[in-house]
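>>> The sequence and its predicted three-dimensional model are supplied below.
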Amino acid sequence: MDATAEGPLAEYLRLIGVPPIAPATSPFDPGYDPVTVESHLAQSHHLISILKISMACWIIADEGATRAKIAAARKHGVRTVTGGGPFEVAVAQGQLPAYLDLCAEMGVDRIECGEGFTDMPLPPADVAQMAGERGLEIQFELGKKHGGAFTDRITDELIEQGRRWLDVGAMELVVEARESAKGVGLFDDAGNFNAALAERFVEAFGMETVMFEAPNKPSQFALLNHFGRDVHICNVRLEELLRVEIYRRGLHSDAFAHENLRPPRPGATEQAPT
Amino acid sequence: MDATAEGPLAEYLRLIGVPPIAPATSPFDPGYDPVTVESHLAQSHHLISILKISMACWIIADEGATRAKIAAARKHGVRTVTGGGPFEVAVAQGQLPAYLDLCAEMGVDRIECGEGFTDMPLPPADVAQMAGERGLEIQFELGKKHGGAFTDRITDELIEQGRRWLDVGAMELVVEARESAKGVGLFDDAGNFNAALAERFVEAFGMETVMFEAPNKPSQFALLNHFGRDVHICNVRLEELLRVEIYRRGLHSDAFAHENLRPPRPGATEQAPT
Amino acid sequence: MDATAEGPLAEYLRLIGVPPIAPATSPFDPGYDPVTVESHLAQSHHLISILKISMACWIIADEGATRAKIAAARKHGVRTVTGGGPFEVAVAQGQLPAYLDLCAEMGVDRIECGEGFTDMPLPPADVAQMAGERGLEIQFELGKKHGGAFTDRITDELIEQGRRWLDVGAMELVVEARESAKGVGLFDDAGNFNAALAERFVEAFGMETVMFEAPNKPSQFALLNHFGRDVHICNVRLEELLRVEIYRRGLHSDAFAHENLRPPRPGATEQAPT
């Protein structure tokens, strides 16, 4: 899982007590240039669960640029997923088959489905079938983009909805937080994290199946502080990925005080001048 | 106008009803590295009206880096304009001829003139003549950087000033909003957009001739919501250009609800599993 | 010091009165991709006093990516320093010798020491000896990350601490401001700069030996406005480096009004059309 697992960096991480951690962050590309995206993949491939090619940016970009990003991901062993926005537009415009054809032709591995800003007339089973016929995995995004913070009742409904998508083969579920993590989903208007509601999603689906959107430092740190190093988060900007991952490993100055993140102190080792 | 107009992405955009849109955004380079700038140009050349090489950054950078940016723009068929800051400094320091020589020698296509933080003693006709002799186009920036939000009377004066610059051959006019779009130009201290004053600029000069600085998401969305997909905006950060352009095409989750941006729904198309 | 000192850009800077300025900014890499870092080094090598490879990001990154950054710095004649975070973690985990071995093996020139979020049991002389044995320079960071704004008494203690580190050979001292420059060090909760306390550090150590962290535009501009073009600042984001350096030279629209930054107006030069 980690190309550098044998070098001096990996050895040092073991020495200071950092445990092995499976890739648990899905960063996103909100419209960076292809060279930057590729260089981030070279740097952080071993830390990425799946790369999200976000929004409709990849559809209006130069085709060569979009293909370069997807090829770079493949080269570095990183899987790709398109964002939920263009899926919703495709459904609303009556062009879902063409959208799925396009995703398959461009070579992405997975699509995100959702009804964040539209209502979806299609049953999950139909979408899953159409995607499967084209070799595409699916994940589903839970939550409305303009619906404010979740209530208990909304959470009940979203958990039901998530189960329906898992039943038809969705690989993962995503909890909406937009770009702000304020006044949306698990975050109130001041950005405070509702840990009790977040726990309900983990209880319902398990830590391996639910991903929380964490688009900025406060939301990233809140999720890692609460759930510890195994929580799956997504919509992390590529240039912030390493910061998130050192926080996850307890190596950030704000994480080192947290018992559930700080690496255990290794056995007594002398520090006298060598 | 669009190198990808023949590929599967262009075809899909037609299928979902996105109309052809001429390049109407002038992004800026506020000091990015040359490789990132070139890769953005490769990705978005067909969406760029003209690239602004901003402030005096290009003058203090390594000469090779500055030349690389301008060469990359030319390679991708994108025109370049230097920002208004170094023009004002050149005038204030009594070195305008040397500044124009430098711009011509470096290969930019156009200079921006203005009096945003200085007062300009030179008549527009003289500046236009000096620029023209060196093969440089000009555009003029309307508004003071430290003068606060526009009033009706300031707007009257700016429209008069804009006419004087158009009379001597300026290609476009730019409405100042700095980096904040708060407490400056068309934006009040809370960032609220003054649509009535903005309309006056469009009435006076036409949508093709006036560009509005829109340095952040709220100002970009406000301008596109009000004027629709044909408004010309500038000072967009390169990594935000694709987001602006999907908004312009109604493909962003916040734009899809706007009648003047959302692509028209294509004729009835079946969505049954294929 | 400046590879472009002989070209048309350097000549133009002399014409408009910009004095030669030694590199006085230490930008940091908070987790950018290696290609972007290298391209910034190509663009701005002559403006960088030393490049900080920040936090523990370089330790968890792909080893090839970390080595590429350090090699790029060397290629462009820029020295490198690791951040204080991993030093503190190494001490706390009882692995300082291994950390110093790693830094030496990776090829950095200097390490930053500090006790920003831990307490340091080791005497400065021991650390200096261990670093020196591995060919590593040291700099020390003054201030706590979670201790709020400095008081007079804290400043007294920090100046004493700084002297102890200079006595054992530290090359420079760094004044903490984190990523926010709010509620930390010289900045109060609103981000206001405490010039009187800042002066005390300059009086104690001299402008050449103390660097101020200035992670955002308000802190950068406040320091340059107060101290003028010779103040040493650090923790500047790479993509903001050129903006800081044009401000330092009085070429930014907000700096041109400051007598201590604006370049002196050259002798009378005609501006008549040529």
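Happy to help now that I have it. Numbering: from 1, shown residues only, chains lettered A, B, ... in the order given.

>>> Could you use CA atoms for every contact and neighbour count after this?
Fine.

>>> The stretch 151-274 of chain A: strands as residue ranges?
Using DSSP state E, counting those that start in this stretch, the strands of the stretch 151-274 of chain A run over residues A:172-175, A:210-213, A:232-237.

>>> Let me know which of the ones you listed is tucked in deepest.
Comparing those by mean neighbour count (mean count of other Cα atoms under 10 Å in any protein chain shown), strand A:210-213 ranks first with a mean of 26.

>>> could you give the mean pLDDT of that one?
Mean per-residue pLDDT for strand A:210-213: 98.

>>> From the contact counts, what lies against that strand?
When contacts are defined as 3 or more Cα pairs under 8 Å, 6 or more residues apart in numbering or on different chains; DSSP states H and E, strand A:210-213 packs onto strand A:172-175, strand A:232-237.

>>> out of these, which comes closest to chain C?
Nearest of those to chain C, taken as Cα to the nearest Cα: strand A:232-237 at 10.8 Å.

>>> so what strands line up beside that closest one?
Next to strand A:232-237 in the sheet, as set by DSSP bridges, lie strand A:25-29 (parallel), strand A:210-213 (parallel).

>>> which residues are contacting the first one?
By Cα atoms under 8 Å, 6 or more residues apart in numbering or on different chains, the list of residues contacting strand A:25-29 from outside reads A:37, A:47-54, A:232-238, A:241.

>>> can you pull the buried residues of it?
Neighbour-count burial for strand A:25-29 flags A:T25, A:S26, A:P27, A:F28, A:D29 (criterion: 16 or more other Cα atoms under 10 Å in any protein chain shown).

>>> from those residues, which single one is nearest chain B?
Within these, proximity to chain B (Cα to the nearest Cα) peaks at A:D29, which comes in at 9.9 Å.

>>> Quick check: bridge partners of the closest one?
Going by DSSP bridges, A:D29 is paired in beta bridges with A:I53.

>>> still on that earlier bit, which one, of the strands paired with strand A:232-237, ends up nearest to A:T118?
strand A:210-213 (19.2 Å; Cα to Cα).

>>> chain center to the closest one, what's the gap?
Computed by Cα atoms, centre = their mean, to the nearest Å, the separation of strand A:210-213 from the middle of its chain amounts to 6 Å.

>>> Ok, stretch A:19-38 next?
For stretch A:19-38, the distance to the chain centre is 9 Å (Cα atoms, centre = their mean).

>>> One more: stretch A:144-164?
Here the centre of stretch A:144-164 is set off from its chain's centre by 18 Å, with Cα atoms, centre = their mean.

>>> Let's see that stretch as CSV, backbone CA atoms only.
Extracted in CSV, the C-alpha atoms of stretch A:144-164 (Å, rounded to 0.1, in the frame of the first residue of the first chain):
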residue,chain,number,x,y,z
LYS,A,144,-29.2,18.4,0.3
LYS,A,145,-26.8,21.2,-0.6
HIS,A,146,-29.3,23.9,0.3
GLY,A,147,-31.2,22.2,3.1
GLY,A,148,-29.2,23.4,6.1
ALA,A,149,-27.9,21.4,9.0
PHE,A,150,-29.3,17.9,9.5
THR,A,151,-32.0,17.2,12.1
ASP,A,152,-32.7,13.8,13.7
ARG,A,153,-35.5,13.2,11.4
ILE,A,154,-33.5,14.1,8.3
THR,A,155,-30.8,11.7,9.5
ASP,A,156,-33.4,8.9,9.8
GLU,A,157,-34.4,9.4,6.2
LEU,A,158,-30.8,9.7,5.0
ILE,A,159,-29.9,6.4,6.7
GLU,A,160,-32.8,4.8,5.0
GLN,A,161,-31.8,6.2,1.7
GLY,A,162,-28.2,5.0,2.2
ARG,A,163,-29.4,1.5,2.9
ARG,A,164,-31.4,1.5,-0.4
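
>>> contact partners of it?
Here stretch A:144-164 has contacts from A:115-117, A:124, A:140, A:142-143, A:173, A:176-178, A:183-189, A:197, A:201, A:204, using Cα under 8 Å, 6+ apart.

>>> and chain B, which of the residues you listed contact it?
A:F117 (Cα under 8 Å from any Cα of the partner chain).

>>> what about stretch A:228-248, start to end distance?
Chord length of stretch A:228-248, first to last residue, is 7 Å (Cα to Cα, to the nearest Å).

>>> I meant stretch A:239-255, not that one.
From its first residue to its last, stretch A:239-255 covers 19 Å (Cα to Cα).

>>> Is that stretch in proximity to chain B?
No: judged by Cα under 8 Å from any Cα, stretch A:239-255 and chain B are separated, with a smallest distance of 12.1 Å.

>>> How far does that stretch sit from its chain's centre?
Computed by Cα atoms, centre = their mean, the chain-centroid distance of stretch A:239-255 equals 16 Å.

>>> Show me which positions of it end up buried.
A:239-253, A:255.

>>> Same check on stretch A:112-120?
Neighbour-count burial for stretch A:112-120 flags A:E112, A:C113, A:G114, A:E115, A:G116, A:F117, A:T118 (criterion: 16+ other Cα under 10 Å).

>>> distance between that stretch and the chain's centre?
Stretch A:112-120 sits 17 Å away from the centroid of its parent chain (Cα atoms, centre = their mean).

>>> Check stretch A:73-89 too.
11 Å.

>>> So what touches that stretch?
By Cα under 8 Å, 6+ apart, the residues outside stretch A:73-89 that reach it are A:38, A:41-42, A:45, A:48-56, A:70, A:96, A:99, A:103, A:108-118, A:120, A:141, B:251-253.

>>> mind redoing it with 6 Å?
Contacts with stretch A:73-89, where a contact means Cα atoms under 6 Å, 6 or more residues apart in numbering or on different chains, come from A:50-56, A:108-114.

>>> so how far is stretch A:174-193 from its chain's centroid?
Per Cα atoms, centre = their mean, the centroid offset for stretch A:174-193 relative to its chain is 15 Å.

>>> ok so, going back, among the contacts of stretch A:144-164, which ones are in helices?
Per DSSP state H, helices hold the following members of those: A:P124, A:L197, A:F201, A:A204.

>>> Run a quick neighbour tally on the third one.
Which is A:F201. When neighbours are defined as other Cα atoms under 10 Å in any protein chain shown, A:F201 has 23 of them.

>>> can you pull the pLDDT of it?
Looking at A:F201, the pLDDT reads 98.

>>> likewise the last one?
A:A204 is assigned 98 on the pLDDT scale.

>>> That one and A:H226: what is the separation?
17 Å.

>>> can you check A:L241 too?
Distance, A:L241 to A:H226, by Cα to Cα: 19 Å.

>>> Tell me the residue of the stretch 151-274 of chain A that sits nearest chain B?
Residue nearest to chain B within the stretch 151-274 of chain A: A:R178 (10.2 Å; Cα to the nearest Cα).

>>> Just list whatever residues bridge to the spatially most central residue of chain A.
The centre of chain A sits closest to A:C234, judged by Cα atoms, centre = their mean, with a distance of 2.4 Å. Under the criterion DSSP bridges, A:C234 forms beta bridges with A:S26, A:E213.

>>> likewise A:E112?
A:E112 has the following beta-bridge partners by DSSP bridges: A:Q139.

>>> What is the distance between the lengthiest helix in chain A and the centre of its chain?
For chain A, the helix that runs over the most residues, judged by DSSP H, is helix A:152-167. Put simply, helix A:152-167 sits 19 Å off its chain's centre (Cα atoms, centre = their mean).
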